[in-house]
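1. Return atomic coordinates for the entry below.
(chains A, B, C and D)
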Number of protein chains: 2
Amino acid sequence: MAGDTKERILDRSGELFRRQGYAGTGIKQILAEAGAPFGSLYHHFPGGKTELGAETIRRSGALYGRLLGEFVGPEVELATGVRAFFAGAAETLRETGYADACPIATVALEVSSSDEELRGACADVFEAWIEAGVARFAMAGIGRDRARELVIQMLAGLEGAFVLSRALRDTEPVELAGEAAAAAIEAALREA
Amino acid sequence: MAGDTKERILDRSGELFRRQGYAGTGIKQILAEAGAPFGSLYHHFPGGKTELGAETIRRSGALYGRLLGEFVGPEVELATGVRAFFAGAAETLRETGYADACPIATVALEVSSSDEELRGACADVFEAWIEAGVARFAMAGIGRDRARELVIQMLAGLEGAFVLSRALRDTEPVELAGEAAAAAIEAALREA
DNA sequence: CCGTGATTAGATAGATCGCTCTACTGAGCG
DNA sequence: CGCTCAGTAGAGCGATCTATCTAATCACGG
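-> Have a look, this model is predicted:
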């Protein structure tokens, strides 16, 4: 029962930020949905909304990175895992009415030119994803330099496909981006 | 001197929305930067902020589509034009302190789950870009079905690379996404 | 010169924003 | 029991938000 309130607040802020963005989500809305009083927020996050935002970004980012890692684990063939991950992302989009895509992209675009602390948090998350991806790709036999290129291209394809799919209400972009990423991986493996 | 104020408002809202997002940009800030009084906005946009947002999206989207068209005109070899466009996007990012990327992506992510009218405006813009791209790719000799896949993959790569590049303060993602798009086009042309 | 509609100008309303403040509750411990 | 303090609870502050309102100003035809 101790850290329960903080957890609930972070759960709600994570979902609301990814759907409506940072500026578009009010503290009161987060607290109302979390069933938490106003005072609790400033007890757990003395830094206010910015601190809540930064912690939400890091937490959601780590969670999503772990999800990606489960799909693309060492026991799965790399391109197969990537295809499965993109297919799963497309399914999640459909199931949630095109609401749940990348947990930090919306905030990342919003704050990249206006809040240096939050931008840094997003950058840390992206760098962690890239680093984990490079390690996995290298394990499959791709040289680290080429692996880094492929991972960044894959993540860019994923993030951009989310933008298109959410706006167009169509999973086609996510599916096509997944196919492009998987095909590029297979080509790199053939060369290696 | 007639439509001057309206133009100035749209110019400022276009720049501010792309940098800070829709919810993160106040009407007062737009008007202050445009040097326009409060009343003028509701004269030119009776629908208020939503109408301004929708018109800004369509206008900025059309403008950016035209820019893309200039780089990838019929007189330029397709993959070369695509490479030039991505290189130009990377240069713009650097010059503007990683502020000016896609004019509508930030808003698109923000409103896709909260404002149906603005989401529709974003969808219209993306569809127009795709349609124009398909026409150009088909002209280069790529079948329409394959062309559509390639265009969506290219746009997804562009949009996602903007997310990464802005957060990471590094143009590498944009450059890599451009190379991936150009390489895919060259491969498709070899097969055609 | 006046009259008219378009546009500019800005005060102000009403709601909501992030945040601070004080008061209360309850678990752990001597 | 009584003390302590982390955490809960919410009233309320000043600022800011979008939007409405009336008045001033402009160009221009008669």
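2. Who are the packing partners of the worst-scoring helix or strand of chain A on mean pLDDT?
-> Across the helices and strands of chain A, mean confidence by mean pLDDT, DSSP states H and E is lowest for helix A:38-44: a mean of 91. On a contact count with 3 or more C-beta pairs under 8 Å, 6 or more residues apart in numbering or on different chains; DSSP states H and E, helix A:38-44 meets helix A:4-20, helix A:27-34, helix A:48-71. Using the backbone N, CA and C atoms, a C-beta is placed for each residue, glycine as well.
3. Out of those, which one sits most buried?
-> Of all the helices and strands packed on helix A:38-44, helix A:4-20 has the most neighbours on average by mean count of other C-beta atoms under 10 Å in any protein chain shown, namely a mean of 20.
4. who's in contact with that one?
-> For helix A:4-20, the surrounding residues in contact (C-beta atoms under 8 Å, 6 or more residues apart in numbering or on different chains) are A:25, A:29-31, A:33-36, A:40-41, A:44-45, A:52-53, A:55-57, A:59-60, A:63, A:99-107, B:23, B:110, B:113-114.
5. Close to DNA strand D: what parts of chain A are there?
-> Residues of chain A lying close to DNA strand D by C-beta under 7 Å from any atom of the strand are A:2-6, A:36-40, A:42-44.
6. Need the per-residue pLDDT for A:Ala2.
-> Looking at A:Ala2, its pLDDT reads 44.
7. who in chain A is up against DNA strand C?
-> Within reach of DNA strand C by C-beta under 7 Å from any atom of the strand, chain A has these residues: A:25-29, A:38-39, A:42, A:48-50.
8. Could you list the low-pLDDT ranges of chain A?
-> Within chain A, the stretches with pLDDT under 70 are A:1-3.
9. mind redoing it with 80?
-> A:1-3, A:192 (pLDDT under 80).
10. about what we covered before: ok, and what's touching the least confident helix or strand of chain A?
-> Contacts of helix A:38-44 with the rest of the structure, by C-beta under 8 Å, 6+ apart, involve A:5-6, A:9, A:27-28, A:30-31, A:48, A:52.
11. just stretch A:114-134 next, same as before
-> Contact with stretch A:114-134 is made by A:22, A:50, A:53-54, A:57-58, A:61-62, A:65, A:68-69, A:104, A:107-108, A:111-113, A:144, A:147-148, A:151-152, A:154-155, B:19-20, B:24, B:164, B:166-169, as judged by C-beta under 8 Å, 6+ apart.
12. Dump it to CSV, keeping only the CA atoms.
-> C-alpha atoms of stretch A:114-134 as CSV (Å, rounded to 0.1, in the frame of the first residue of the first chain):
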residue,chain,number,x,y,z
SER,A,114,10.8,23.9,-25.5
ASP,A,115,11.9,21.8,-22.5
GLU,A,116,15.5,20.7,-22.3
GLU,A,117,15.0,18.4,-19.3
LEU,A,118,12.2,16.4,-20.9
ARG,A,119,14.0,16.4,-24.2
GLY,A,120,17.0,14.9,-22.5
ALA,A,121,14.8,12.2,-20.9
CYS,A,122,13.5,11.2,-24.4
ALA,A,123,17.0,11.2,-25.8
ASP,A,124,18.1,8.9,-23.0
VAL,A,125,15.3,6.5,-23.8
PHE,A,126,16.0,6.5,-27.6
GLU,A,127,19.7,5.9,-27.0
ALA,A,128,19.0,3.0,-24.7
TRP,A,129,16.8,1.4,-27.3
ILE,A,130,19.4,1.9,-30.0
GLU,A,131,22.1,0.5,-27.7
ALA,A,132,20.0,-2.6,-26.9
GLY,A,133,19.2,-3.0,-30.6
VAL,A,134,22.8,-2.8,-31.7
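13. Could you check how far it is from the centre of its chain?
-> Taking the mean of its C-alpha atoms, stretch A:114-134 sits 10 Å from the chain's own mean (C-alpha atoms, centre = their mean, to the nearest Å).
14. buried sites along it?
-> A:114-115, A:118-119, A:121-126, A:129-130, A:132-134 (16 or more other C-beta atoms under 10 Å in any protein chain shown).
15. wait, which of those residues is closest to A:Ala87?
-> For the buried residues of stretch A:114-134, the residue nearest A:Ala87 by C-beta to C-beta is A:Gly133; the value is 17.9 Å.
16. For that closest one, identify the helix or strand it belongs to.
-> Element membership for A:Gly133 (DSSP states H and E) is helix A:116-139.
17. That helix versus helix A:48-71: what angle between them?
-> Angle of helix A:116-139 versus helix A:48-71, following axes from the mean of the first three to the mean of the last three C-alpha atoms, to 10 degrees, is 10 degrees.
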